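Q: for reference, the sequence and a predicted model appear below.
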Amino acid sequence: MITSPAWKDKKYAVLGLARSGRATVEALLAAGANVLVWDDRAEAREPFAGRCAIGDPLEADLTGYAGVVVSPGVPLNTHPIKPHADSFGVPVIGDIELFAQARANLPPHKVVGITGTNGKSTTTALVHHILKTAGVPTTMGGNIGLPILEQEPLPAGGVYVLELSSYQIDLTYSLDCYIAVLLNVTPDHLDRYDGDFEKYVAAKIRLFEMQEADGLKLIGTSDAASSAAYERFFESAQPVTRQEYPDQPDWPSLQGPHNRENVSAAILTAFWFDIPESSLDQALRTFPGLPHRMQRVAEISGVAYVNDSKGTNTAASAPALAAFDNIHWILGGLAKEPGLGECEAELPHVKAAYTIGKAGPQFATLLEGRVPVEQCETLDRAVASAAAKAEAGDTVLLSPACASFDQYADFEKRGDHFRELVEGLK
């Protein structure tokens, strides 16, 4: 567990007791803080009865509190906790900010922070894998893996690799990354930024603004917004490009043109840490990939079944479409934007489409006359129909280009259901 003596005897409120919230409470308690906790679910509050004050921070007098710690899922632009905390002059923060505060008392280490609309999970896991392969003490956290405060401190010389969503960056004010990475910025989550893309871009760029002067900035140049960020920070930045790598066919979990950007960022990071070329080559070959991101779950009668449930917008799904041919594309859910976006250019790879969820009819209309399309409504029907029509050499690809919340709790549940359905075909 990561704690800080700076929290001792201070008062904090923690709103939301899912995994990161629970880890935050335990770390604060271990440091000797006084904690007020709340979750709308009584069963989530119950383990803290007798150990913490129980109460809704929205109804509390927050005078003298050091912070209100919220889940990244709490929308600061609409949730009443922000103006309530502001009225007492209390910052609304996340567990990443607490980690930043705890760093002064950890063994000497470095932090790599990785953000971007797409590719940040793969890049975070890849950087972690490269460091681990080279024998560098490392762990990953933030928007991936275990909550960072739940993890044990690294020994001296360790590297914390953090995937950071814009929501998490919004909730930290002092995270100084040794290397900060911005892969790309395309429209996403705009409901959290009042529909203003520039506010979303500004949230991402704050990762650089928190760095000390000697911090390295790695910035993608594949889109207008990230390219503009590169120009702004030109003197302290290096460009992350989508250059071709002749050895990419030897990296089974890093296929597709989009992974060139992820690999470029990871290789630049590895160079900065003086990772030997032999270790880097081994890591690229052995990287296992991530669940729900272009994850090959089975091959049945010569047909590949690929789970890309993490493709939750059109920009995220386009690379998966580009990586395969003869695709039976399962798409739909809760659309984040109108149209097919970057998927338009990849339609020649699509042999047939099967739409699901709330956006299914909209996608069917967009695809009609361009590829054979079937409105299936549910994933069960889509998998069954695609499996019946696919031939040896084809790929059945779940890459919805949509959020999952119309039919599933999250993209993981959607991907797990796809895998279960495919297992049932064997």
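A: Great, that's in hand.
Q: list the contacts of stretch 236-251.
A: 181, 183, 213, 215-222, 230, 254-255, 257-261, 263-265, 268, 281, 284-285, 287 (Cβ atoms under 8 Å, 6 or more residues apart in numbering). C-betas here are computed from N, CA, C, even on glycine.
Q: give the PyMOL command for selecting the buried subset of the residues you listed.
A: To isolate the buried subset of the contacts of stretch 236-251 in PyMOL, counting by 16 or more other Cβ atoms under 10 Å, use the following:
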select buried, resi 181+183+215+216+217+218+219+220+221+222+230+254+255+258+259+260+261+263+264+265+268+284+287
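Q: which stretches in the stretch 301-426 of the chain count as strands?
A: 303-307, 327-332, 350-356, 373-377, 395-398 (DSSP state E, counting those that start in this stretch).
Q: any chance of CSV for these, columns mean pLDDT and distance to Lys11?
A: As requested, these are exported to CSV (pLDDT from 0 to 100; distance: least, Cβ to Cβ, whole Å):
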stretch, mean pLDDT, distance to Lys11
strand 303-307, 94, 44
strand 327-332, 98, 46
strand 350-356, 98, 47
strand 373-377, 98, 50
strand 395-398, 98, 46
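Q: now render those as CSV, adding mean neighbour count.
A: What follows is the strands of the stretch 301-426 of the chain, written out as CSV (neighbours: other Cβ atoms under 10 Å):
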stretch, mean neighbour count
strand 303-307, 23
strand 327-332, 29
strand 350-356, 24
strand 373-377, 18
strand 395-398, 28
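Q: any chance of the ones you listed in JSON lines with distance to Asp39 as columns?
A: Below are these laid out as JSON lines (distance: least, Cβ to Cβ, whole Å):
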{"stretch": "strand 303-307", "distance to Asp39": "31"}
{"stretch": "strand 327-332", "distance to Asp39": "32"}
{"stretch": "strand 350-356", "distance to Asp39": "32"}
{"stretch": "strand 373-377", "distance to Asp39": "34"}
{"stretch": "strand 395-398", "distance to Asp39": "32"}
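Q: just tell me which of the ones you listed ends up closest to Glu420.
A: Closest approach to Glu420 among those is made by strand 303-307 (10.6 Å; Cβ to Cβ).
Q: could you check the angle the closest one makes with strand 327-332?
A: Per axes from the mean of the first three to the mean of the last three Cα atoms, to 10 degrees, the angle that strand 303-307 makes with strand 327-332 is 30 degrees.
Q: helices of this structure, residue ranges please.
A: For the chain, the helices defined by DSSP state H cover 19-30, 42-45, 81-87, 95-102, 120-133, 166-170, 197-209, 224-232, 259-272, 277-286, 314-323, 360-367, 379-389, 411-423.
Q: nearest to Leu331, of those helices?
A: helix 360-367 (5.7 Å).
Q: mind giving me the packing neighbours of the closest one?
A: Using 3 or more Cβ pairs under 8 Å, 6 or more residues apart in numbering; DSSP states H and E, the elements in contact with helix 360-367 are strand 327-332, strand 350-356, strand 373-377.
Q: is it possible to get JSON lines of those that adds distance to Leu154?
A: Below are the helices and strands packed on helix 360-367 laid out as JSON lines (distance: least, Cβ to Cβ, whole Å):
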{"stretch": "strand 327-332", "distance to Leu154": "40"}
{"stretch": "strand 350-356", "distance to Leu154": "42"}
{"stretch": "strand 373-377", "distance to Leu154": "47"}
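Q: how about the ones you listed, which one is nearest Ala203?
A: Once those are compared by Cβ to Cβ, strand 327-332 is nearest, at 27.6 Å.
Q: helices and strands around that closest one, which ones?
A: Checked by 3+ Cβ pairs under 8 Å, 6+ apart, strand 327-332 has helix 314-323, strand 350-356, helix 360-367, helix 379-389, strand 395-398 packed alongside it.
Q: of those, which stretch is the most buried?
A: When the helices and strands packed on strand 327-332 are scored by mean count of other Cβ atoms under 10 Å, the highest mean neighbour count falls to strand 395-398 (a mean of 28).
Q: got the contact list for the residue lying closest to Leu164 once chain neighbours are set aside?
A: The shortest distance from Leu164 to any non-neighbouring residue, by Cβ to Cβ, 6 or more residues apart in numbering, is to Thr115 (4.7 Å). By Cβ under 8 Å, 6+ apart, the residues touching Thr115 are Glu163, Leu164, Ser165, Ser166, Ile169, Ala180, Val181, Leu182, Leu183, Lys204, Leu207.
Q: ChimeraX command for the buried members of the residues you listed?
A: Typed into ChimeraX, the line below selects the buried ones among the contacts of Thr115, using 16+ other Cβ under 10 Å:
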select :163,164,165,166,169,180,181,182,183,204,207
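Q: with pLDDT as extra columns, can I get the contacts of Thr115 in CSV?
A: What follows is the contacts of Thr115, written out as CSV (pLDDT from 0 to 100):
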residue, pLDDT
Glu163, 97
Leu164, 97
Ser165, 94
Ser166, 94
Ile169, 96
Ala180, 98
Val181, 98
Leu182, 97
Leu183, 97
Lys204, 96
Leu207, 97
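Q: between the helices and strands packed on helix 360-367, which one is closest to Glu423.
A: Nearest of those to Glu423, taken as Cβ to Cβ: strand 327-332 at 16.0 Å.
Q: so how far is that closest one from its chain's centroid?
A: Between the centre of strand 327-332 and the centre of its chain there are 22 Å (Cα atoms, centre = their mean, to the nearest Å).
Q: touching that strand from outside, list them.
A: In contact with strand 327-332 (Cβ under 8 Å, 6+ apart) are residues 317, 321, 349-360, 363, 371, 376, 379, 382-383, 386, 389-390, 394-402, 418.
Q: same question for stretch 190-210: list its buried residues.
A: Result for stretch 190-210 [16+ other Cβ under 10 Å]: buried residues Arg192, Tyr193, Tyr200, Val201, Ala202, Ala203, Lys204, Ile205, Arg206, Leu207, Phe208, Met210.
Q: distance of the last one relative to Leu29?
A: When you say that, I think you mean Met210. 27 Å (Cβ to Cβ, to the nearest Å).
Q: JSON lines please, covering the helices and strands packed on strand 327-332 and showing distance to Leu175.
A: JSON lines is the format used below for the helices and strands packed on strand 327-332 (distance: least, Cβ to Cβ, whole Å):
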{"stretch": "helix 314-323", "distance to Leu175": "25"}
{"stretch": "strand 350-356", "distance to Leu175": "38"}
{"stretch": "helix 360-367", "distance to Leu175": "38"}
{"stretch": "helix 379-389", "distance to Leu175": "38"}
{"stretch": "strand 395-398", "distance to Leu175": "34"}
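Q: ok, which of these comes nearest Gly333?
A: strand 350-356 (6.8 Å).
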